[in-house]
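1. the sequence isn't on hand, but the structure is:
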């Protein structure tokens, strides 16, 4: 959830995603947003010469 606060009135609203409209208005500020989720890195499988898995 992304939470915005109106600096004139103190009102707070929460949305599931960022609001392009509120992001453009000077009197609205984002006060919280979710941490970016990093995707797990995939490990490359490499085989060295001489490994039992290497193709002959």
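-> Good, I have the coordinates. Note that this is a predicted model, so its numbers are computed, not measured. Residues are numbered from 1 along each chain as shown.

2. and residue 21, that one's in a helix?
-> Yes. Residue state for residue 21 (DSSP: H, G, I helix; E, B strand; the rest coil) corresponds to a helix.

3. start at 2 instead
-> All set: I'll call the first residue 2, so the last point we hit is now residue 22.

4. look up how far residue 37 lies from it.
-> Relative to residue 37, residue 22 is positioned 22 Å away (C-beta to C-beta, to the nearest Å). Bear in mind the C-beta positions are built from the backbone N, C-alpha and C, glycine included.

5. which parts of the protein are strands?
-> Under the criterion DSSP state E, the chain contains strands at 3-7, 13-16, 29-33.

6. how about the ones you listed in JSON lines, adding mean pLDDT and mean neighbour count?
-> Shown next, in JSON lines, are these (pLDDT from 0 to 100; neighbours: other C-beta atoms under 10 Å):
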{"stretch": "strand 3-7", "mean pLDDT": "97", "mean neighbour count": "16"}
{"stretch": "strand 13-16", "mean pLDDT": "96", "mean neighbour count": "12"}
{"stretch": "strand 29-33", "mean pLDDT": "95", "mean neighbour count": "13"}
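
7. from memory residue 12 sits against residue 28, does it?
-> No. Taking C-beta atoms under 8 Å as the contact criterion, residue 12 and residue 28 are not neighbours in contact, 10.0 Å apart.

8. follow-up on the earlier one: okay, residue 22 and residue 37: which has more neighbours?
-> Just comparing residue 22 and residue 37: by other C-beta atoms under 10 Å the higher neighbour count belongs to residue 22, 8 against 5.

9. so what's the more buried one up against?
-> Residues counted as contacts of residue 22 (C-beta atoms under 8 Å, 6 or more residues apart in numbering): none.

10. what pLDDT does it get?
-> At residue 22 the predicted local distance difference test score is 97.
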